[in-house]
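Q: With the sequence up front, the predicted model follows.
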Amino acid sequence: MPPAFPRPRCEPARPTAFTLIELLTAIAIIGILAAILFPVAARVRASGQTTRCLSNLRQFGAAIHLHAGENQGRLPSSSHQRAPDGTSLSWTHTLTTYLGPDFIGRCPSVPDHPARVSYALNDLLTLADGTGLPLTQVRQPAATLLIGELALDASSEHFHFAGASRGRVTNALFQSSVNVQCHGAGANYLFSDAHVATLSWPEIQRRLAPANPVFLNP
């Protein structure tokens, strides 16, 4: 006997397709989120690169002061000369003893820099005979530049500021040697007292003014 009330047949629900308006709305939302998140991700990445670069400079600073402690208080030399046994006197070679052979002396913001080391030493801290200046002769270590970031079209391991005949280093000469905007609007610097700082180009120009001779000249 058939039931008085026949059971309804269960049919699978038909998939509901997106309407054109819903699809366009979803695409617009994704575009807005991407526009917000991509710049944030880029800033986070750049901040991380700046931090790692500052860490490199801190390690340079520690190594330089260890070197000075073992060498009559003298800074390493920017000279390309060699010792009688043939070893290089350049600071990048000298500091290998303290930094180790695996230390990467390159800023992560410029991984394709043509130079082996993307930092350079202030050559005004090297004497005419090729020896490093004693730290005790640096009048204001916290104000005197020791290492900066090398310009992309430069390949030397030191800045050729001595070419200014120990006179004033102009903005143009400094900018031709130093990558003054390696990190956005500024760059990282190591000073003779081993502290590091990120400084903008306008701030560097202020320090290059004749009223601040100790920025480069010890």
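A: Structure's in. What do you need?
Q: From here on, just use CA atoms for contacts and neighbour counts.
A: OK.
Q: Am I right that Ile36 sits in a strand?
A: No - judged by DSSP: H, G, I helix; E, B strand; the rest coil, Ile36 forms no part of a strand; its state is helix.
Q: burial measure for it, as a count.
A: Applying the criterion other Cα atoms under 10 Å, we find 11 residues in the vicinity of Ile36.
Q: Compute the distance between the residue at minimal distance from the centre of the chain and His183, please.
A: Closest residue to the average C-alpha location of the chain: Cys53 at 3.9 Å, with Cα atoms, centre = their mean. Spatial separation of Cys53 from His183 under the definition Cα to Cα, to the nearest Å is 10 Å.
Q: Distance of Thr144 relative to Leu208?
A: 11 Å.
Q: what touches both of those two?
A: In terms of Cα atoms under 8 Å, 6 or more residues apart in numbering, Thr144 and Leu208 are both contacted by the residues Phe215, Leu216.
Q: got the residue ranges for the strands in this structure?
A: Counting by DSSP state E, the chain has strands at residues 119-122, 145-149, 158-159, 186-191, 196-200.
Q: Parallel or antiparallel, which strands does the third one pair with?
A: Strand pairing for strand 158-159, using DSSP bridges, gives strand 119-122 (parallel).
Q: Alpha carbons of the strand it pairs with, as PDB, please.
A: Listed next in PDB are the C-alpha coordinates belonging to strand 119-122 (Å, rounded to 0.1, in the frame of the first residue of the first chain):
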ATOM      1  CA  TYR A 119      81.600  49.700   2.200                       C
ATOM      2  CA  ALA A 120      84.600  52.000   2.100                       C
ATOM      3  CA  LEU A 121      87.000  53.500   4.600                       C
ATOM      4  CA  ASN A 122      87.500  57.200   5.100                       C
END
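Q: who touches it?
A: 78, 91, 105-107, 145-150, 156-161, 216.
Q: Tell me which of Thr144 and Leu208 has more neighbours.
A: Thr144 (23 against 19).
Q: State the number of residues packed around the nearest residue to that one once chain neighbours are set aside.
A: Leaving aside its chain neighbours, Thr144 sits nearest to Phe215 (4.3 Å; criterion: Cα to Cα, 6 or more residues apart in numbering). Using other Cα under 10 Å, Phe215 has 21 neighbouring residues.
Q: residues touching Phe215, list them.
A: Phe215 sits next to Ala143, Thr144, Leu145, Arg207, Leu208 when contact means Cα under 8 Å, 6+ apart.
Q: tell me the contacts of the fourth one?
A: Taking Cα under 8 Å, 6+ apart, we find Arg207 in contact with Pro213, Phe215.
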